[in-house]
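# Structure of the sequence below:
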Amino acid sequence: MRSPVPALFAALTLASALRAADAPSTPAAPPPRPFAPVAADSPLASLWNDPEFQRRMLGSYGMKSDIEPRMTPEEQAFYRDKVVPALRGDPKEALQVLLARTKPGASAQFDFALGNLYFQGDDVTNAIQSFESAITKFPDFLRAQKNLGFAFLRTGRYEDAIKPLTRTASLGGADGKLFGFLGYCYSNLGRNASAQGAYQQALLFEPDNTDFKLGLIKSAIALGNYDQALALLDELIQLQPEKENLWTLQANVYVQKGQPEKAAVSLEMLRRLGNAKPAQLLLLGDLYLNQDARDLALSAYTEGVEKGAAENLPKALRAADILASRGALKEAGALLEKIKASAGAGLTGADEVKWLKLSAKVAMGTGDGAKAVQVLEEVAQRNPLDAEALMLAGDYYAKNGQPEKAQFRYETAGKISGFEADALVKQAQLLVSSRKYDSALELLRKAQKVRPRDNVQRYLERVEQVARNATRRS
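I've put the predicted structure just below:
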């Protein structure tokens, strides 16, 4: 959270606090306690906790008697002599003082001040009720409409926030923050065209506000206006090249535009600035691998693992899996060793099992089948229902002249949900290798009933052709 409201705001004016035509000037406002601050990691934090916004919220205890509900002379005196001193002191005392005056016939100013007090103390539910009561008494109460909108926003009631915020604008209370928060509401509701319009209006008031520009960028991306988003990102990156989220966002836009080479450039620039995080380095590795740049991919993957393997094990293991599936077995093996060295004792549970299976896959692919099957049998002993390990072990035995062992592993795997079809195809392949075509075809047809696939259908048709040829020859 940003620093508290500076001391220079301590004497916040209650500008026309009690000024009906001839009322005396108003005493200073209460001390500037933070106004319902949000957590530092909230998407709202940079806007809501901004000192200027906080100052305005605190300043909303004041009154503008020329355009807002008036008080009777007696109410003015009470506010001046009782409410203002209480607001400067104990909030609980101020609360009791205001509760005693928020009656049906009393000025809406008391309801509004009570709502502000609740709101400042983060009692947003009662704040909303008080603001709504003030608006019932005086529908054009600009500051009550505005703070009601902010209260709804503060609790995530974005749809409810829009009406009072837009009403505030129509009453003449528009400013950058108002439109920025409207954009935030629309964006959270998926109304991206409206969000884009609101952020554009916000930037007319605050053209250098980074949050509003980011909001506009994200709205443009959601609407498919990638060129507009990239133009704004270029502008922000020139001003703030150290901001890693800007480079990442730019890379993601390029990916959505189908320009992975440019996306890789964005992430590589971030990497060279020394600000790339593990997740971004792993994404960079994916982009390089998609361009068949295996060495560059391995370099990015390795750096990502070194910077945070323990925190990114699933993604790091996924990177190794991608390398192995692309036939880059040497690179996959090197990355797996790096993962093990970097993660250390953090490599446990499901991640450890995944690492073992990938190591077995790499060993099998590089000719070290004995090591591979040893690892797979270890995995199967830990979890007899690990169908992937059973299938891989079956593949090893099938390639090494042990069809009975392979058949047993495939049959066992086929009893596990989700692997029935694959296991049937593997068993069929064993039968084809033994020239038992009719039995193989029966299994392939079963597999297609369980999970139809084009590649299996093509294989089935080839086996049918081979079976017909074999019958003619006999």
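# For the rest of this, base every contact and every neighbour count on C-alpha atoms.
OK.
# Let's test this: mean pLDDT of stretch 360-379, rounded?
For stretch 360-379, mean pLDDT rounds to 84.
# Render the CA-only coordinates of that stretch in PDB, please.
The C-alpha coordinates for stretch 360-379 follow below in PDB (Å, rounded to 0.1, in the frame of the first residue of the first chain):
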ATOM      1  CA  ALA A 360      12.300 -42.800 -18.300                       C
ATOM      2  CA  LYS A 361      11.000 -41.500 -21.600                       C
ATOM      3  CA  VAL A 362      14.300 -39.800 -22.400                       C
ATOM      4  CA  ALA A 363      16.300 -42.800 -21.400                       C
ATOM      5  CA  MET A 364      14.200 -45.100 -23.600                       C
ATOM      6  CA  GLY A 365      14.500 -42.600 -26.500                       C
ATOM      7  CA  THR A 366      18.300 -42.500 -26.200                       C
ATOM      8  CA  GLY A 367      18.700 -46.200 -26.100                       C
ATOM      9  CA  ASP A 368      19.000 -46.800 -22.300                       C
ATOM     10  CA  GLY A 369      16.000 -49.000 -22.100                       C
ATOM     11  CA  ALA A 370      17.200 -50.900 -19.000                       C
ATOM     12  CA  LYS A 371      17.400 -47.700 -17.000                       C
ATOM     13  CA  ALA A 372      14.000 -46.500 -18.400                       C
ATOM     14  CA  VAL A 373      12.100 -49.700 -17.400                       C
ATOM     15  CA  GLN A 374      13.800 -49.700 -14.000                       C
ATOM     16  CA  VAL A 375      12.400 -46.200 -13.300                       C
ATOM     17  CA  LEU A 376       9.000 -47.100 -14.700                       C
ATOM     18  CA  GLU A 377       8.700 -50.200 -12.500                       C
ATOM     19  CA  GLU A 378       9.600 -48.000  -9.500                       C
ATOM     20  CA  VAL A 379       6.800 -45.600 -10.400                       C
END
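# Give me the residues contacting it.
Contact with stretch 360-379 is made by 324, 329-330, 332-333, 353, 356-357, 359, 386, 389-390, 392-393, 396, as judged by Cα atoms under 8 Å, 6 or more residues apart in numbering.
# how far out from the middle of the chain is that stretch?
38 Å (Cα atoms, centre = their mean, to the nearest Å).
# Which helix runs longest in this protein?
helix 454-473 (DSSP state H).
# helices or strands up against it?
helix 437-450 (3 or more Cα pairs under 8 Å, 6 or more residues apart in numbering; DSSP states H and E).
# Just the buried residues of the helix it packs on, please?
Residues of helix 437-450 classed as buried: 437, 440-441, 443-448 (neighbour count, 16 or more other Cα atoms under 10 Å).
# Can you list the helices and strands that that helix packs against?
helix 420-433, helix 454-473.
# how about that helix as PDB, C-alpha atoms only?
Presented in PDB, the C-alpha positions along helix 437-450 are these (Å, rounded to 0.1, in the frame of the first residue of the first chain):
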ATOM      1  CA  TYR A 437      -4.700 -59.500 -37.800                       C
ATOM      2  CA  ASP A 438      -8.300 -60.600 -37.100                       C
ATOM      3  CA  SER A 439      -7.800 -60.200 -33.300                       C
ATOM      4  CA  ALA A 440      -6.000 -56.900 -33.800                       C
ATOM      5  CA  LEU A 441      -8.900 -55.600 -35.900                       C
ATOM      6  CA  GLU A 442     -11.400 -56.500 -33.300                       C
ATOM      7  CA  LEU A 443      -9.400 -54.600 -30.700                       C
ATOM      8  CA  LEU A 444      -9.000 -51.500 -33.000                       C
ATOM      9  CA  ARG A 445     -12.700 -51.400 -33.600                       C
ATOM     10  CA  LYS A 446     -13.400 -51.500 -29.900                       C
ATOM     11  CA  ALA A 447     -10.900 -48.700 -29.400                       C
ATOM     12  CA  GLN A 448     -12.800 -46.600 -32.000                       C
ATOM     13  CA  LYS A 449     -16.000 -47.100 -30.200                       C
ATOM     14  CA  VAL A 450     -14.500 -45.900 -27.000                       C
END
